[in-house]
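Chemist: got a predicted structure here, sequence first:
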Amino acid sequence: ASSSGAPAPTEPATAEPPALPQPGDGEVFGVLRIPRLGSDYQFKLAGGVSSSVTLDPIGVGHYPDNAMPGQVGNFAIAGHRGSHGAPFADLPSLHIGDAIVVETPDGWYTYRYRNLEYVQPDGVGVLLPVPQAAQVEATDRLITMTTCSPRYGFSERAIGYGVFESFTPRANGAPASLTSGAA
């Protein structure tokens, strides 16, 4: 246990991630944590990406019918950059290899940040199972984070990508990725 009394972070587990059901609009299914953005960075994750039902009142939304955390394909999520908690305000400041952690009642799904790109607002190719590659079959487990750019504008979208690293069951305790690269 750490000096705070909490269990000490564990190394990544090799457990196969459990399959999560697609959430309904506004249905909270987890919490997004990005240690690089601060130890207090945490935003609820819910189904849907409408401003009125999910993004404004809850924080981060999951694009319907995209992969869920840990599944092969593209776990695609959206969040505001300049309002309603601005969960993706600092998306462009992430570093290659930064942990992106999705916590659910089952445990923690750790992804590692890979890269950032900017696309036109109608650039929906980023939501494909293999982003920007319509004819390619998914074999990897990816996360795609979408937000407006510039920060208070809508002329383009900033897109952050990550690659799945591990799933840590809750019974194993919090993964070390929750503190790696913390600001």
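Modeler: Sure, I can see it.
Chemist: so which elements touch the helix or strand where residue 163 lies?
Modeler: Using DSSP states H and E, residue 163 sits within strand 156-169. Contacts defined by 3 or more C-beta pairs under 8 Å, 6 or more residues apart in numbering; DSSP states H and E place strand 156-169 against strand 107-119, strand 141-149. Using the backbone N, CA and C atoms, a C-beta is placed for each residue, glycine as well.
Chemist: now the angle from that strand to strand 141-149?
Modeler: Interaxial angle, strand 156-169 versus strand 141-149 (axes from the mean of the first three to the mean of the last three C-alpha atoms, to 10 degrees): 150 degrees.
Chemist: restricting to C-alpha, output strand 156-169 in PDB.
Modeler: Provided in PDB are the C-alpha atoms of strand 156-169 (Å, rounded to 0.1, in the frame of the first residue of the first chain):
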ATOM      1  CA  GLU A 156     -11.300  22.100 -38.000                       C
ATOM      2  CA  ARG A 157     -11.000  19.100 -35.600                       C
ATOM      3  CA  ALA A 158      -8.100  18.000 -33.500                       C
ATOM      4  CA  ILE A 159      -7.800  14.300 -33.400                       C
ATOM      5  CA  GLY A 160      -5.700  12.400 -30.900                       C
ATOM      6  CA  TYR A 161      -4.900   8.700 -31.400                       C
ATOM      7  CA  GLY A 162      -3.700   6.000 -29.000                       C
ATOM      8  CA  VAL A 163      -2.900   2.300 -29.100                       C
ATOM      9  CA  PHE A 164      -4.200  -0.200 -26.500                       C
ATOM     10  CA  GLU A 165      -1.500  -1.500 -24.100                       C
ATOM     11  CA  SER A 166      -3.300  -3.500 -21.400                       C
ATOM     12  CA  PHE A 167      -6.300  -4.300 -19.300                       C
ATOM     13  CA  THR A 168      -5.900  -4.400 -15.500                       C
ATOM     14  CA  PRO A 169      -8.800  -6.100 -13.600                       C
END
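Chemist: for it, buried residues please.
Modeler: 157, 158, 159, 160, 161, 162, 164, 165, 166, 167, 168 (16 or more other C-beta atoms under 10 Å).
Chemist: show me the contacts for the third one.
Modeler: Residue 159 makes contact with 116, 117, 118, 119, 123, 126, 131, 144, 145, 146, according to C-beta atoms under 8 Å, 6 or more residues apart in numbering.
Chemist: contact partners for the spatially closest residue to the first one that is not a sequence neighbour?
Modeler: Translated: residue 116. Closest residue in space to residue 116, ignoring its immediate chain neighbours: residue 160 at 5.3 Å, by C-beta to C-beta, 6 or more residues apart in numbering. By C-beta under 8 Å, 6+ apart, the contact set of residue 160 is 88, 91, 92, 94, 113, 115, 116, 144, 145.
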